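Trainee: my questions are about this predicted structure, shown below with the sequence.
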Amino acid sequence: MRDVLELDLGPVVAEQPDPVLFATVSGAHLYGFPSRDSDVDLRGVHLLPTAALVGLREPEETRSRMWDRDGVEMDLVTHDLRKFVRLMLRRNGYVLEQLLSPLVVHTSDAHRELAALAPGTLTSHHAHHYRGFATTQWRLFEKTGELKPLLYTFRVLLTGIHLMRSGEVQADLPTLVGQVRAPAYLPDLIAAKAEREHGAADVDRARVRDDVEKLHARLDEAQDASELPDAPSVHDLLHEFVVRVRREGLGDGPQG
């Protein structure tokens, strides 16, 4: 299994048309169950020049690209800072996982400052994000029988439960298995996924369905008992952060 951080991903960031505040690895590598042929999911934030936001043309707030680089399938998605921060304020656990990913390809002072503000965006309503994501992945598993969406189902439910209880965003499934009571067969499923990106899940469907339903119930209970607030506490601080970073002119010149 290749170590994704041993890949030379710096040039990918340097090729972007606008400054990049951060780029991290997401997807299966972040979630702790990459396969031998998993693609590399890069996620991050770019900073558009001020003119792009105040002119008549629609700004390119989200950039998405998939391509093959030296035999590795790359999937790059970045948002402009303003859009990314708005997503942070909309109980979107997905962008928080990207922001706080320990698999860092490119960072900056702005990245570190934004990460420090992230805990203030967490609310008990983030449980809805993980509940909805789990439901979507479970339906995909029922349709295809593949292992990948099943692991995603368990991962997001355990992430949601852990978040409601601890206030910590933890996306790594093997770590979660050690922190949250989980089905004993999950390590075996993770090991099976390491051998193949796509393939059927060799599981007792009735048992798995029962375990997923129990985790949904535990997520509901964790949300009800959570000490997380109902609303973000850092809206004004994030507004000031976005204005300040834009005002400093980081988006008005070529990337250095």
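Mentor: It's in.
Trainee: from now on I want contacts and neighbour counts done on CA atoms only, so please keep to that.
Mentor: Noted.
Trainee: now stretch 157-174: buried residues?
Mentor: 157-165, 167, 169-173 (16 or more other C-alpha atoms under 10 Å).
Trainee: ugh, wrong one, I meant stretch 173-189
Mentor: In stretch 173-189, counting by 16+ other C-alpha under 10 Å, buried: 173, 176, 177, 182, 186, 189.
Trainee: narrow the residues you listed to those in helices?
Mentor: Within the buried residues of stretch 173-189, residues falling in helices by DSSP state H are 173, 176, 177, 186, 189.
Trainee: same list (the residues you listed) but as CSV, adding distance to residue 142.
Mentor: Below are these laid out as CSV (distance: C-alpha to C-alpha, whole Å):
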residue, distance to residue 142
173, 21
176, 24
177, 23
186, 18
189, 16
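Trainee: could you pull up the residues touching residue 66?
Mentor: 73, 74, 75, 76 (C-alpha atoms under 8 Å, 6 or more residues apart in numbering).
Trainee: how about 7 Å then?
Mentor: Contacts of residue 66 were listed using C-alpha atoms under 7 Å, 6 or more residues apart in numbering, and they are 74, 75, 76.
Trainee: surely the last one and residue 42 touch.
Mentor: If I follow you right, that is residue 76. Yes. With contacts counted by C-alpha atoms under 7 Å, residue 76 reaches residue 42, the gap being 4.7 Å.
Trainee: quick check: the gap between residue 47 and residue 20.
Mentor: 6 Å (C-alpha to C-alpha, to the nearest Å).
Trainee: which of those two has more residues huddled nearby?
Mentor: Remark: of residue 47 and residue 20, residue 20 carries more neighbours, 27 against 24, as counted by other C-alpha atoms under 10 Å.
Trainee: domain ranges for this structure?
Mentor: 4-122+233-247, 126-225 (automatic domain parsing).
Trainee: what about the strands in this structure?
Mentor: Using DSSP state E, the strands of the chain run over 20-26, 40-46, 62-69, 72-80, 104-106.
Trainee: so what strands line up beside the last one?
Mentor: Next to strand 104-106 in the sheet, as set by DSSP bridges, lie strand 20-26 (antiparallel).
Trainee: which residues does the partner strand contact?
Mentor: Counting by C-alpha under 7 Å, 6+ apart, 13, 40-47, 98, 101, 103-108, 110-111 sit against strand 20-26.
Trainee: let's see it at 8 Å
Mentor: Here strand 20-26 has contacts from 13, 40-47, 97-99, 101-108, 110-111, 255, using C-alpha under 8 Å, 6+ apart.
Trainee: which among those residues count as buried?
Mentor: 13, 40-47, 97-99, 101, 103-106, 111.
Trainee: if we can go back for a sec, now pLDDT and distance to residue 90 too, for the buried residues of stretch 173-189, in a markdown table please.
Mentor: Below are the buried residues of stretch 173-189 laid out as a markdown table (pLDDT from 0 to 100; distance: C-alpha to C-alpha, whole Å):
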| residue | pLDDT | distance to residue 90 |
| --- | --- | --- |
| 173 | 98 | 24 |
| 176 | 98 | 24 |
| 177 | 96 | 27 |
| 182 | 96 | 28 |
| 186 | 97 | 31 |
| 189 | 96 | 32 |
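Trainee: farthest pair within the residues you listed?
Mentor: By the measure C-alpha to C-alpha, 176 and 189 form the most distant pair in these, at 14.2 Å.
Trainee: list the buried ones in stretch 59-67?
Mentor: Those buried within stretch 59-67 under the rule 16+ other C-alpha under 10 Å are residue 61.
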